[in-house]
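Chemist: Provided below are the primary sequence and the corresponding predicted coordinates.
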Amino acid sequence: ATRVWPALSYESKSIHKPQSNTVNKIKLGIASGFLLPGSSVAADFSGVLKRLDRNKFEINYIVLNEMNKPIDPFVYLHKEQDVVLDLRKNPGDMANGAWVTRYHPIIENLD
């Protein structure tokens, strides 16, 4: 996508910061535009993701919700421990993918 839309190329400012993981959990971030009910992505990954031991894993779901549809319920099974970012496209956003750039600071702030 960055060949077509070079403005989408982005590297987080926090990528080179030392991590402060004092709990020693494995941090797992899942970014997808297809964590929707009935999607093959949700069907393929839901079984594994909902069974991960939350004492060992810290999970952040980043849903690039371009179509503003409901998210598959499995994403919310561990809502007390997991972080779910439902990042939505606004009606006036252009179809070039640049709408995701406004969410860079929010994603960057995930520890």
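Modeler: Yes, it's here.

Chemist: pLDDT below threshold where in the chain?
Modeler: Across the chain, the stretches falling below the confidence threshold (pLDDT under 70) are 1-2, 4-5, 7-8, 12-23, 111.

Chemist: which is the next helix or strand following the lengthiest strand in it?
Modeler: Using DSSP state E to define each element, the chain has its longest strand at strand 57-65. Going down the chain from strand 57-65, the next helix or strand is strand 83-88, by DSSP states H and E.

Chemist: on that earlier part again, and the longest strand of the chain, what's buried?
Modeler: By neighbour count with 16 or more other CB atoms under 10 Å, strand 57-65 contains the buried residues 58, 59, 60, 61, 62, 63, 64, 65. Heads up, the C-betas are built off the backbone N, CA and C, glycines and all.

Chemist: with stretch 26-40 instead?
Modeler: Applying a neighbour-count criterion of 16+ other CB under 10 Å, the buried positions in stretch 26-40 are 30, 32, 33, 34, 35, 36, 39.

Chemist: among the buried residues of strand 57-65, which one sits closest to residue 96?
Modeler: Proximity of the buried residues of strand 57-65 to residue 96, judged by CB to CB, is greatest for residue 64, which lies at 13.9 Å.

Chemist: quick one: the buried residues of stretch 26-40 as a markdown table, columns for distance to residue 82 and secondary structure too.
Modeler: Supplementary listing: the buried residues of stretch 26-40 in a markdown table, determined by distance: CB to CB, whole Å; DSSP: H, G, I helix; E, B strand; the rest coil:
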| residue | distance to residue 82 | secondary structure |
| --- | --- | --- |
| 30 | 10 | strand |
| 32 | 14 | strand |
| 33 | 18 | coil |
| 34 | 18 | coil |
| 35 | 12 | coil |
| 36 | 17 | coil |
| 39 | 19 | coil |
